[in-house]
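Peer 1: Show me the folded form of this:
(2 chains)
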Amino acid sequence: MAKDKQTGVSKAVEHARDPKAAARFLWRYLKEFKFLLFAALALTLAANSFALIGPRLSGTAIDALRGKGDVDFDIAFRYAGIMAAFYLISAVLSYALALLMRSISQKIVKRMRKDVFDKLMKLPVSYFDKHMAGDIISRVSYDIDVINTSLSNDVVQILASIVTVVGSFVMMLIISPVLVIVMCVTIPVSLLYTAHMTKLTRPRFSLRSAKLGKMNGYVEETVGGQRVIQGYACEDVYTGRFSDVNVEATEAYYNADYLNATIGPTVNFINNLSMCLVTVFGALLFFFGFMTLGDITSFVLYSRKFSGPINEAANIFGELQSALAAAERVNRILSEDNEPADLKDALELTDVKGDVMIENVDFGYDPEKVILKDFSLEAGHGKLIAVVGPTGAGKTTLINLLMRFYDPVSGRILIDGHENNTVTRKSLRGSFAMVLQDTWVFGGTIFENIAYGKEDATMEEVVNAAKTARIHSYIMRQPQGYDTVLTEDGVNISKGQKQLLTIARAMLNDASMLILDEATSNVDTRTEKKIQAAMEKLMENKTCFIIAHRLSTIQHADEIIVVNDGRIVEKGRHEELMEKRGAYYELYAAQIK
Amino acid sequence: MKRSFKYLFENKTAIIIGYIIKISGTVVGLFVPRIMKMLIDDIVPIVKETGDWTEFIGFSLFMFFCALFDRCFNVIANRRAAKYSMLAIRHLRYDLYKKILSLSGKKTDEFGIPSLVSRLTSDSYNIHTFFNIMQRMGVRATFITIGGLIMCATLDPVLTLTLVATFPFVFGVVFFISKKGIPLYTSVQNAVDKMVRIMREDVSGIRVIKALSKEDYERERFEGANSETVSEELKASGVTAISGPVISLFLNMGLVLVIIVGAYRVNSGAIKGGTIIAFLTYFTTILNSIIAVNRIFVNYSKASASAGRIFAVMDAEDDLKVIPYSGTASKNAPKIEFRHVFFSFSENKEDNEEKYVLNDIDFILEKGESLGVIGATGSGKTTIISLLMRFYDPTKGQILIDGRDIKTYPLNELRRMFGVAFQNDIIFAEAVDENIRFGREISDEDVERAAKAACAYEFILGKEAGFKHEAAIKGADFSGGQKQRLFISRALAAHPGILILDDSSSALDYKTDADLRENINNDYSDCTLISVAQRISSVMKMSKILVIDDGKIIGLGSHEELLKNNEVYKEIAATQLGSLL
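Peer 2: Numbering: from 1, shown residues only, chains lettered A, B, ... in the order given. Here you go, the predicted structure:
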């Protein structure tokens, strides 16, 4: 399991970081908005042209200021007016462009979050057993946010840069093809340098994302356990450990920044260098009469314009790198294996009777460690099967298999004679109602939580279920009654109350099989007794699997199965097993020891 | 936001040195175009005339070294900037984490765990990004603006003043928009919180969701939060995106003004047309830097919103104040005493009467006695423990341990008296022995002894690596009962003065439960045991048993006494023990 804990992190470091795949991944989203991107490009062109026209207009206006007493105010004012108008249009256009890019990036981000979430819903349960919640969440919150920032700022910049670079290059070519040769030396140097740095920084950016994910995982885990940490007064120890994780995360952040910090100034330096060369060679060309001084001046001006965006590009570059690293992490979760699809001709279970057969099942979460060995069980329609045994004997695993959260390594499970992997998961799971030991409520109202299993449940049905589960009066004591919003970590509800709530939820669920895994372990016995009638009604006509420690609740089971070490060691009715004086008797007698 | 700057400026001298490096690099960098202009305008014609290249070569080399100097100093400065923003964030995050771990139960409930987590993570990233940008771009841009203005002023003060006249508008817009942005980005962060909360819930409840085939429902629920985040984000960025174009517009309008004013000045002979051209060159530089400054301010809104959220936590009042203790408790003082304790989660005093979770809890537990607490689900059993350990303070009344009000114990000292197996206890993804040791200094022998007493020893050794076995996330590789036994081992390991088992054997079979209790009685007999349970077998051996119903004590006595005179207790006993009675 040690390696599992690390999976989220170590994978990120080990796996070949493939920038092309990450870029392809981003492109997949970008191309969805081809037309909007095209519009953005058009806007960029327009806004930039207006900006380029500006200097020309000011040039004309300035030309009208010929000298003392020789100023053509008409022309100067007219062009000043036109300039003002152009700048206004350009401002409007660039605002429109900014809005457009933001809306594109938000659309992409929204789609991406949706895809990740949809993916989460499709992943097998085992994925969640193996990955830190914090690390999963970090992909949706941090990584996608990084992509968002990069898309909304950088893409515009890149588009604008391309326009300027191409424009200036053409101008330079016109002025002096010979001097452009100088550029042919420095540009490749720039590019090679950038490519080289990319190679160096990419792993650092990946590591940075991974370390942040790890820190998120740690924070999620320990802040969630804050109460326990306080209870043992070991805040200092956990703060100390956080400090290590934090140092690692910030260190990784810094390491990426450290390399990245050299890129901007270096590219700037190469540009300056090319300017020096242009000057020197320009001087030579001028010296030998190939060029005029004016040509050199304008060549230099254009080469400055040319290098500006390249400089800027180097700055954006860092952001793009981290966006690619983030995209990779998002892409990785999206390319995890789904829960295997239902067979093509999978059967839709309808009118389930609830005949369950488990035949010679072997199972282990870890292939090397078998938890259930040659496990067989038969539960006919309407039968009540109780599973007892020491903790850790594999009882909860049985549920994982029945619900098909996991598939057995060998052997088979039949429902109404159909092998459970030949029917659709939805219909299979829908034919079970389940109340688990680890109760789950979500941040919705109490009503929503109870009605969770039945979409069209009415208020009346919900109230009835709550009443039979003996939770109604508690609900009515809440400030907003059934509209009170529950929170996962909420204090306003105890574990026992959560169990009653999930029992009410199960009551609304019209299934033909029922799983109760320690369903009332945190409910006091008096309340349990009060809901006994309701529980019996819940179990009526259903094939029931009950896992319980309070043996008093299962005495009337049709069959009690005693499991130990993944094997069935005893089975029979309560009386039979008591007479036998075997494992069951021992468990039972322990109650009053 | 100001306070997060404090973290940055902790290394004041180092930071200032960094800025000086940055500024010198930038200034020297500004020489490059000037030298180039000089080379082309003045020196090349001289070379043409005299054929003397020395001056040309000298200045070319000088230009080259200026460029190199610019590059090196900027690299150094950028690295330093990255380093100090990293150190600042590291420290800020550390303080925040520390604060979060020390929050009282009430404050934690107010913020909510998911929101606390996102303040530690995404909010701190926002500030980090801002610090980086501010230090790398801000200093350079500001200096280029100032330098550009000085250059302009040397060309013509009147035209410079004309341009400067637009500055109040420009900076007005920058400040106004970035200020407007703060609450908008706060809403964005809150929307993100909500979205993250749903993810978190669903990750933990995936079994239920799959069992009920509610994937589509959850998708919709998430989509709602996703859309809300996007619309908040669009609202915020829609506002902040205004500033860039508006600033360019203002500055460009300033330029138009410069041309108009310039026309009059040229006409009067004060300046030449060429001056305006030179002016334009500097103007472009200034414009670009001011736009860069504006970008910093957009980041500022975001960071400032995040800083607000972070410091809201940092400022959360320590509502569990420790009162100085004077006097000495008598040796005969009872171990634990509750004096008319009332408690309500809500602070609203008016409706307290009805909403008391605990209502007049009053009892004494002498030294050497043990306590059982039994009662219906939701009757307030766990709340008694929460008050005893001071996660919350009672609304009314007093709690004493060894004759001393618990408010007079430093929190650490108070909590170290206890060993607790909580209801919502957690296994961390670390080695089993670490999970038991839980950061305390406990010898291997004590860990083993505790594990043996908690009946956990065998299954731990059953793991390949034994005590060094790395537990899976949330202890997913242990069954419910195994986890509970690990929690109990953890509670026992330090051999606490008061041992609390809060419903911590609910997933254990009776035999294990009984063995475990016997072990505790034998090996940890000097611990004052408090057992909160649903099972009568878990409390019946205690010397005193509290029967709680609806927050009130409805029975107090030994098992035998209660069987005689307490109806509720009798009923519980009858349902659980039945024929065995």
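
Peer 1: For the stretch 401-550 of chain B, give the residue positioned nearest to chain A.
Peer 2: B:Gly481 (2.3 Å; Cβ to the nearest Cβ). From N, CA and C alone the C-beta is placed, and that goes for glycine too.

Peer 1: pLDDT on the helix or strand containing B:Leu149, on average?
Peer 2: Per DSSP states H and E, B:Leu149 falls inside helix B:139-155. Mean pLDDT, helix B:139-155: 83.

Peer 1: now stretch B:203-211
Peer 2: 81.

Peer 1: just stretch A:148-162 next, same as before
Peer 2: Averaging pLDDT residue by residue across stretch A:148-162 gives 76.

Peer 1: Any part of that stretch near chain B?
Peer 2: Yes. Residues of stretch A:148-162 are located near chain B by Cβ under 8 Å from any Cβ of the partner chain, namely A:148, A:152.

Peer 1: Using PDB, list the CA coordinates for that stretch.
Peer 2: Presented in PDB, the C-alpha positions along stretch A:148-162 are these (Å, rounded to 0.1, in the frame of the first residue of the first chain):
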ATOM      1  CA  ASN A 148      -7.200  29.200 -17.100                       C
ATOM      2  CA  THR A 149      -4.800  32.000 -16.300                       C
ATOM      3  CA  SER A 150      -2.500  30.900 -19.100                       C
ATOM      4  CA  LEU A 151      -5.200  30.700 -21.700                       C
ATOM      5  CA  SER A 152      -6.900  34.000 -20.900                       C
ATOM      6  CA  ASN A 153      -3.700  36.000 -20.800                       C
ATOM      7  CA  ASP A 154      -1.100  34.200 -22.900                       C
ATOM      8  CA  VAL A 155      -3.100  33.300 -25.900                       C
ATOM      9  CA  VAL A 156      -3.900  36.900 -26.700                       C
ATOM     10  CA  GLN A 157      -0.300  37.900 -26.100                       C
ATOM     11  CA  ILE A 158       1.000  35.200 -28.400                       C
ATOM     12  CA  LEU A 159      -1.500  36.200 -31.100                       C
ATOM     13  CA  ALA A 160      -0.500  39.800 -30.900                       C
ATOM     14  CA  SER A 161       3.100  38.900 -30.800                       C
ATOM     15  CA  ILE A 162       2.800  36.900 -34.000                       C
END
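
Peer 1: ranges for the helices of the stretch 151-300 of chain B?
Peer 2: Assigned by DSSP state H, counting those that start in this stretch, the helices in the stretch 151-300 of chain B fall at B:157-164, B:167-204, B:206-211, B:215-267, B:273-314.

Peer 1: So what's the residue count around whatever residue of the stretch 401-550 of chain A ends up closest to chain B?
Peer 2: Nearest residue of the stretch 401-550 of chain A to chain B: A:Gly496, at 3.0 Å (Cβ to the nearest Cβ). Neighbour count for A:Gly496, taken as other Cβ atoms under 10 Å in any protein chain shown: 28.

Peer 1: ok, now A:Ile561?
Peer 2: Neighbours around A:Ile561, by other Cβ under 10 Å: 23.

Peer 1: again with the one 3 residues further on
Peer 2: Burial of A:Asn564 is recorded as 15 neighbouring residues (other Cβ under 10 Å).

Peer 1: For it, list each beta-bridge partner.
Peer 2: Note on A:Asn564: beta-bridge partners by DSSP bridges are A:Arg567.

Peer 1: Give me the pLDDT for it.
Peer 2: A:Asn564 is given a pLDDT of 81.

Peer 1: same question, the one 3 residues further on
Peer 2: A:Arg567 is assigned 83 on the pLDDT scale.

Peer 1: May I have the residues that are in contact with the residue of the stretch 401-550 of chain A closest to chain B?
Peer 2: A:522-524, A:527, B:377-378, B:534 (Cβ atoms under 8 Å, 6 or more residues apart in numbering or on different chains).

Peer 1: now, the most widely separated pair of those?
Peer 2: Farthest apart among those by Cβ to Cβ are B:Gly378 and B:Gln534. That separation is 11.7 Å.

Peer 1: Just want to know which of the two has more residues nearby.
Peer 2: The neighbour comparison of B:Gly378 against B:Gln534 (other Cβ under 10 Å) goes to B:Gln534, with 27 against 24.

Peer 1: ok, the more buried one - contacts?
Peer 2: A:496, A:521-525, B:374, B:377, B:503, B:506.

Peer 1: Select from those every entry located in helices.
Peer 2: A:496, A:525 (DSSP state H).

Peer 1: which pair in the contacts of B:Gln534 spans the largest distance?
Peer 2: Most distant of those, by Cβ to Cβ, are A:Ser521 and B:Ile374, 14.9 Å apart.

Peer 1: In terms of pLDDT, where does B:Ser85 sit?
Peer 2: At B:Ser85, pLDDT is 91.

Peer 1: can you give me the end-to-end distance of stretch B:438-456?
Peer 2: End-to-end distance of stretch B:438-456 (Cα to Cα, to the nearest Å): 16 Å.

Peer 1: Might you calculate how far it sits from the centre of the chain?
Peer 2: Centroid separation for stretch B:438-456 versus its chain: 32 Å, with Cα atoms, centre = their mean, to the nearest Å.

Peer 1: Kindly report the same for stretch B:515-535.
Peer 2: 37 Å.

Peer 1: mind checking the end-to-end distance for that stretch?
Peer 2: 15 Å.

Peer 1: Next, the buried residues of it.
Peer 2: By neighbour count on 16 or more other Cβ atoms under 10 Å in any protein chain shown, the buried set for stretch B:515-535 is B:515-517, B:519-520, B:524, B:527-535.

Peer 1: Surely B:Leu163 touches B:Val256?
Peer 2: No. If you go by Cβ atoms under 8 Å, B:Leu163 and B:Val256 don't touch, sitting 10.7 Å apart.

Peer 1: you'd agree B:His91 is in a helix?
Peer 2: Yes. According to DSSP: H, G, I helix; E, B strand; the rest coil, B:His91 belongs to a helix.
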